[in-house]
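[1] turn this into a structure:
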Amino acid sequence: MSGTEIESVLEERRSWIEQQRRRQVPRLGLKRRAVSESEARCAARELTSALAEEEAERLGVTYRRIRIGGQRTLWGSCSARGTLSFNWRLVLAPLEVLDYVVVHELCHLHVPDHSRRFWALVERHRPAWREQRAWLREHGPELLAFKAAE
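    Below is the predicted model of the structure:
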């Protein structure tokens, strides 16, 4: 299809496309609030630090530090040197989802891959992890697209 043909089809269907766009409402209803990204990052650091400190003790692991970032595709990661990184947008998710991501990354300090052994460890500490992961898969794109107030 040539560029001209594509433009013609788009023009023919413009009203339908606009109607469909208007009908699309964000599922979570996230709107820019009077909270800056820097405030959201501070909240994320406080929450993840508190959860990680508590859960690391239960898991019998130690981590080096926590980093809060604006990753575009990840919710969290764990480096070989023990740095736990989390996406600041996790503060927009339910607390149990944030908690699951923290425990998931801490479990990597025992098992560095996603083997059966790893998932068994996650299951032992967070039996409802599948629900939390499903929530992230369903609502994650909206969270990742969220922009904080300037």
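
[2] phi, psi for the spatially most central residue of the chain please.
    The centre of the chain sits closest to W75, judged by Cα atoms, centre = their mean, with a distance of 3.8 Å. Dihedral angles of W75 (phi, psi; degrees, to the nearest 10) stand at phi -90, psi -30.

[3] avg pLDDT for stretch 143-150?
    Averaged across stretch 143-150, pLDDT comes to 79.

[4] extract the CA atoms of stretch 102-115 and return them as PDB.
    Provided in PDB are the C-alpha atoms of stretch 102-115 (Å, rounded to 0.1, in the frame of the first residue of the first chain):
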ATOM      1  CA  VAL A 102      10.400  -6.000  46.200                       C
ATOM      2  CA  VAL A 103      10.200  -9.700  47.400                       C
ATOM      3  CA  HIS A 104      10.800 -10.800  43.800                       C
ATOM      4  CA  GLU A 105      14.000  -8.800  43.500                       C
ATOM      5  CA  LEU A 106      15.200  -9.900  47.000                       C
ATOM      6  CA  CYS A 107      14.600 -13.600  46.000                       C
ATOM      7  CA  HIS A 108      17.200 -13.000  43.200                       C
ATOM      8  CA  LEU A 109      19.800 -12.600  45.900                       C
ATOM      9  CA  HIS A 110      19.300 -16.300  46.600                       C
ATOM     10  CA  VAL A 111      18.500 -17.500  43.100                       C
ATOM     11  CA  PRO A 112      19.800 -15.100  40.300                       C
ATOM     12  CA  ASP A 113      17.500 -16.500  37.500                       C
ATOM     13  CA  HIS A 114      13.900 -17.300  36.900                       C
ATOM     14  CA  SER A 115      14.200 -21.100  37.400                       C
END
